[in-house]
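Asker: here's my sequence, what's the structure:
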Amino acid sequence: MWAEPVLTHRLEDGWDIPLLVWRLASPALAISSGPLGGGIGVRQWVVNATVPMTYRRDDPDAHLTALADQLDLRGPGVGLLTGVDVTERVSAVDQDVRVWATVGLGTPIWAAEAGEPAEADEVGAVDAEPARPVGTVNIVALLPVRLSEAALVNAVATVTEAKVQALRELGLPGTGTPTDSVTLLCPPDGPVAPYGGPRSRWGAPLARAACRAVRTGGATPCVPWSDQPARRTDVAPG
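Answerer: So this is what the prediction gives:
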């Protein structure tokens with residue numbers, strides 16, 4: 001099942017855009033909040049794709065499905081989008097738990113902030129306003145043992161708590177950004193671990209690795225990918 005992400009790129013709307021692809025050697029049981037392949041189920045690949053800050057599509061699932069087709073990815077998978085340059089991904093390992101994070105913290109919010117959310121905040125895919133700093137944290141983690149469905153849900157909470165701890169250690173005023181996403185993968189069979197909390201056998205290393213990855217990625221200011229030089233190309237999109 002285990003696989004390192006491969007960095008590749010695509011030509012789209014005059015941009016040469018990076019994306020990360022995990023091609024799993026065997027299917028994994030996944031839980032994800034991604035716009036494509038979200039929920040709990042067996043998945044065969046994961047894509048974390050950069051998009052320009054001018055991104056306006058309201059069908060991220062269809063967009064990611066098209067990207068998967070271009071990459072010849074077969075079967076069900078998970079698709080994530082971000083304004084972060086995914087070449088800047090950060091990884092961390094703790095007791096065979098592997099975590100990768102792309103970290104944009106330009107729009108920190110408090111989860112229980114008063115007032116109604118902006119419509120763009122509810123899309124859950126990317127940072128919608130081009131004038132705003134990039135603000136999306138996408139976390140992908142691989143665990144070496146099967147977790148029960150309840151443990152997978154608990155593990156998502158554990159990763160989120162670890163992210164909040166990292167933000168606190170970085171001194172940022174918030175619990176996350178409006179568009180953060182978590183994807184966890186584990187073997188689909190074998191002995192089942194019943195717990196995923198921060199003091200459980202596998203939740204503890206997951207929390208440490210997630211906190212370290214977000215803290216490391218957040219320590220460097222994130223420039224929106226499309227604001228960086230030499231991102232345009234004269235090659236027409238295919």
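
Asker: centre-most residue in the protein?
Answerer: Closest residue to the average C-alpha location of the chain: residue 138 at 2.4 Å, with CA atoms, centre = their mean.

Asker: so what strands line up beside the one helix or strand that one maps to?
Answerer: Element membership of residue 138 [criterion: DSSP states H and E] is strand 137-142. Strand pairing for strand 137-142, using DSSP bridges, gives strand 97-103 (antiparallel), strand 181-186 (parallel).

Asker: tell me the helix or strand right after it.
Answerer: Later in the chain than strand 137-142, the nearest helix or strand by DSSP H and E is strand 146-147.

Asker: which helices and strands does that following strand pack with?
Answerer: Packing contacts for strand 146-147, counted by 3 or more CB pairs under 8 Å, 6 or more residues apart in numbering; DSSP states H and E, involve strand 181-186, strand 192-193. For the C-beta atoms, the positions are set from N, CA and C on the backbone; glycine is no exception.

Asker: looking at those, spot the one closest to residue 5.
Answerer: With CB to CB as the measure, strand 181-186 is the member of the helices and strands packed on strand 146-147 nearest residue 5 (11.7 Å).

Asker: do you know how far residue 157 is from residue 203?
Answerer: 9 Å (CB to CB, to the nearest Å).

Asker: the two: which has the busier surroundings?
Answerer: Just comparing residue 157 and residue 203: by other CB atoms under 10 Å the higher neighbour count belongs to residue 203, 25 against 14.
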